[in-house]
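S.K.: This is a predicted model, with the sequence first.
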Amino acid sequence: MRDIDKQARKNAFLYCTFRDKQFALYDAFAKEKGMTMNMLLVVNALFYAKDGLTQSEICATVHHSKQTVSLIVKRLLAEGRAETFGREDDKRAKVVRLTDAGRAWAEGPVRHITTSEDAAMALLSPEEQEVLVALSRRFTQNLAALVNGEDERQMPKSGSRKGAPA
């Protein structure tokens, strides 16, 4: 077992606070456009997959459960913003894609959010971009391993972080 020092707790708090602020930005933007954040993510995936995606592919792309994706797809279908069709190689697999009306509806919000993400990254130097991506990937891998119980050696024996760091 490994002890977690005060600085690591402080940095975890700060990193998670920044991540939560990013989620809040996406959530507020989506609500302003009449969507949930989860719907925005699904619509974004479908917008850039012009040939469509199966619900399983959507789940893998946006990292949401089948139930969440299914509810969003049902809403998009009911609103006429998406359609389904069978794949030529596998008729049982239903592909979801945005209708022309759905693409027109999604284009403004999707292009705005992706352009904003690209521009925010471009404000960093190439070296900063590389470090940010590499460390975010490593943090995510470490977190996944610990949350999923794959690396219990790294879990502290006791102690927790509540509220702001000390």
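M.R.: It's in.
S.K.: Can you report phi and psi for Gly34?
M.R.: Reported as degrees, to the nearest 10, the phi and psi values for Gly34 are phi 80, psi 20.
S.K.: Would you quantify the distance from it to Ala120?
M.R.: 24 Å (CB to CB, to the nearest Å). For the C-beta atoms, the positions are set from N, CA and C on the backbone; glycine is no exception.
S.K.: now the helices for the protein?
M.R.: Using DSSP state H, the helices assigned to the chain run over residues 6-32, 37-48, 55-62, 66-78, 100-122, 126-147.
S.K.: Residues in contact with the second one: which ones?
M.R.: Contacts of helix 37-48 from elsewhere in the structure, counted by CB atoms under 8 Å, 6 or more residues apart in numbering, are 23, 26-27, 29-30, 33, 35, 52-53, 58, 61-62, 64, 68-69, 72-73, 75-76, 82, 96-98, 102-103, 106-107, 109-110, 113-114.
S.K.: For the spatially most central residue of the chain, give me its contacts.
M.R.: Nearest to the geometric centre of the chain sits Val62, at 5.1 Å (CA atoms, centre = their mean). For Val62, the contact set (CB under 8 Å, 6+ apart) comprises Asn38, Leu41, Val42, Asn44, Ala45, Val69.
S.K.: got a winner among those residues for most neighbours?
M.R.: Of all these, Val42 has the most neighbours under the rule other CB atoms under 10 Å, reaching 29 neighbours.
S.K.: what number of residues lie near the residue nearest to Tyr15 when sequence neighbours are not counted?
M.R.: Sequence neighbours aside, Phe139 is the residue nearest to Tyr15 in space, at 7.1 Å (criterion: CB to CB, 6 or more residues apart in numbering). Neighbours of Phe139 under the rule other CB under 10 Å: 14.
S.K.: Give me the residue ranges of this protein where confidence is low.
M.R.: Where the chain drops to pLDDT under 70, the residues are 1-2, 151-166.
S.K.: now stretch 84-104, how far from the centre of its chain.
M.R.: Relative to its parent chain, stretch 84-104 has a centroid offset of 22 Å by CA atoms, centre = their mean, to the nearest Å.
S.K.: so how far does it reach from one end to the other?
M.R.: Terminal residues of stretch 84-104 are spaced 18 Å apart (CA to CA, to the nearest Å).
S.K.: hmm, who's touching it?
M.R.: Contacts for stretch 84-104 (CB under 8 Å, 6+ apart): 43, 46-47, 49-55, 58, 73, 76-77, 79-83, 106.
S.K.: Please repeat the previous calculation with a cut-off of 10 Å.
M.R.: Contacts to stretch 84-104, defined as CB atoms under 10 Å, 6 or more residues apart in numbering, come from residues 42-43, 45-47, 49-58, 69, 72-73, 76-77, 79-83, 105-107, 110.
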